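Enquirer: Got a predicted model here, sequence first, then my questions.
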Amino acid sequence: MEIAKEIRSRSTHMPLLLAVLFAQLNFVAPVFAEAYELGERLVQDQCSTCHKFQGTHESKFNLKGPDLMWAGDKYQRDWLLRWLTGKEPNLYPKGYRWDKGTRAQPHVVLSKDGAENVADYFEKNLNDARVKKNAIDLSDFSEMESGFGAKIFKEFSCLGCHQIKEDGKSIGGPISADLFDSGNRYNVDWLLRFALNPQDFTPHSGEYLADLSELGVRYIVGYLMTLGVEDYKFYEPWKTDHFKNADASRGTPIYKEYCVQCHGAKGEGDGPGASGLQPKPAAHAKMALNEFPEDYLYNVIYYGGKSVGKSPSMPDWGLTIPPQGIADLIAYLRVTFKGEPGA
């Protein structure tokens with residue numbers, strides 16, 4: 001009987017509870033709709049006076065500010081909110097339209113709520129089908145690769161238009177957007193797509209199309225994604241399970257297949273290919289490789305001799321020998337070559 005009364009009591013309150021629930025849902029929906037409409041209104045009334053949000057990309061010399069048709073893919077939200085609320089410096093030291101003057105103009109500053117609403121609008125509406133999600137994986141991006149990217153940045157003239165920081169000082173041409181905080185500003189998938197062909201986004205605007213390999217694109221994009229990021233965590237392959245499970249016996253045939261041709265069967269630097277090389281291949285038999293740091297041995301094998309200031313004749317085996325094979329080869333080197341007796 002008591003149970004039946006409890007069921008009847010709860011049943012009489014059910015319509016009231018449902019009414020309250022639906023009322024809450026009907027209240028929440030207009031709030032979200034209102035926030036979305038506010039973001040859309042801010043974009044239309046304020047942002048669109050300088051930026052384009054639809055149509056086709058065109059030369060910067062026809063614009064007042066950068067095209068933002070793909071802004072939902074381009075910017076990291078935290079940075080965008082700081083930018084919209086006036087907490088970030090101007091991206092263009094000479095102004096976006098440097099042909100109109102040499103001083104950057106102040107940007108419109110929004111309230112925190114306004115910035116949130118605009119960011120929501122960007123993420124929902126301003127996406128580009130050309131930008132593929134998870135198109136690049138930097139979870140295994142190493143410090144050595146970042147160094148290659150920094151070298152490419154300078155050798156391919158990126159420094160001619162973009163500024164970065166070295167030793168706390170800005171260097172480079174102040175014509176395009178500064179990049180010293182690019183790792184906190186851009187979404188990596190957008191940056192990758194932009195690097196593949198900048199002219200797809202800003203035609204006839206001085207953007208440079210470099211003749212980069214697939215690896216070169218990875219290096220420079222990865223490098224840019226480290227800039228401004230405090231204590232960027234680089235991948236350290238010598239701390240992975242491949243090295244924990246390394247086996248010198250498995251490294252023996254790898255040494256024969258890839259190393260003997262130059263370094264010799266006994267590691268004396270007298271392999272059949274050594275006669276035509278200058279400088280001569282390293283004589284492993286005379287080196288205490290067991291005392292060499294694992295990161296050095298990894299880098300010289302994976303990225304080649306030039307990566308550590310040695311002979312460029314030493315190939316970069318990283319795309320040829322699998323990760324476990326490199327770990328096994330290093331185990332073999334450390335077990336086998338311990339320097340000349342009594343040296």
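Expert: Everything's here; your move.
Enquirer: rest of the way, CA atoms for contacts and neighbours
Expert: Will do.
Enquirer: what residues does the helix or strand harbouring Leu297 touch?
Expert: Secondary structure from DSSP states H and E places Leu297 in helix 294-302. The contact list for helix 294-302, computed with C-alpha atoms under 8 Å, 6 or more residues apart in numbering, reads 144, 238, 306-308, 315-319, 326-327, 330.
Enquirer: ok, those vs Tyr208, which is closest?
Expert: Using C-alpha to C-alpha, Met144 is the member of the contacts of helix 294-302 that lies nearest Tyr208, at 25.0 Å.
Enquirer: can I assume the closest one sits in a helix?
Expert: Yes. Counting by DSSP: H, G, I helix; E, B strand; the rest coil, one finds Met144 located in a helix.
Enquirer: Pull up the gap between it and Thr226, please.
Expert: As defined by C-alpha to C-alpha, to the nearest Å, Met144 lies at a distance of 12 Å from Thr226.
Enquirer: Which one of those two is surrounded by more residues?
Expert: With neighbours defined as other C-alpha atoms under 10 Å, Met144 and Thr226 compare such that Thr226 has more, 22 against 18.
Enquirer: Check what pLDDT the closest residue to that one other than its chain neighbours gets.
Expert: Here the nearest residue to Thr226 in space, its sequence neighbours aside, is Gly183; by C-alpha to C-alpha, 6 or more residues apart in numbering that works out to 5.1 Å. Looking at Gly183, its pLDDT reads 98.
Enquirer: okay, now Arg103: neighbour count?
Expert: 13.
Enquirer: Also Asp167?
Expert: For Asp167, the tally of surrounding residues (other C-alpha under 10 Å) stands at 6.
Enquirer: Can you show me the CA trace of stretch 332-343 as CSV?
Expert: Once side chains and other backbone atoms are set aside, the C-alpha atoms of stretch 332-343 remain, and they are given as CSV (Å, rounded to 0.1, in the frame of the first residue of the first chain):
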residue,chain,number,x,y,z
TYR,A,332,74.8,-3.1,-31.5
LEU,A,333,77.1,-0.1,-31.9
ARG,A,334,77.3,0.4,-28.1
VAL,A,335,77.9,-3.2,-27.3
THR,A,336,80.4,-3.8,-30.1
PHE,A,337,82.6,-0.7,-30.3
LYS,A,338,84.1,0.4,-27.0
GLY,A,339,87.3,2.0,-28.2
GLU,A,340,90.8,0.5,-28.7
PRO,A,341,92.2,-1.5,-25.7
GLY,A,342,94.4,0.7,-23.5
ALA,A,343,93.5,3.9,-25.4
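Enquirer: Distance from it to the middle of the chain?
Expert: When C-alpha coordinates are averaged (C-alpha atoms, centre = their mean, to the nearest Å), stretch 332-343 and its chain have centres 40 Å apart.
Enquirer: hang on, the earlier thing: now for the residue nearest to Thr226: which residues touch it?
Expert: Shown here is Gly183, whose contacts under the criterion C-alpha under 8 Å, 6+ apart are Leu224, Met225, Thr226, Leu227, Gly228, Val229.
Enquirer: quick one: it and Leu227, what's the gap?
Expert: From Gly183 over to Leu227 (counting by C-alpha to C-alpha), the distance is 5 Å.
Enquirer: before we move on, back to that, quick one: buried residues of the helix holding Leu297?
Expert: By neighbour count, with 16 or more other C-alpha atoms under 10 Å as the criterion, the buried positions of helix 294-302 are Glu294, Leu297, Tyr298, Asn299, Val300, Ile301, Tyr302.
Enquirer: Would you mind splitting the chain into its domains for me?
Expert: In the domain annotation for the chain, the residue ranges read 1-129, 138-231, 237-336 (automatic domain parsing).
Enquirer: and after the helix holding Leu297, which helix or strand comes next?
Expert: Where DSSP H and E defines the elements, the next helix or strand beyond helix 294-302 is helix 323-336.
Enquirer: Check what contacts that next one and list those residues.
Expert: Contacts made with helix 323-336 from outside it, assessed by C-alpha under 8 Å, 6+ apart, are listed as 238, 242-243, 246-252, 254-255, 288-291, 294, 297-298, 301-302, 318.
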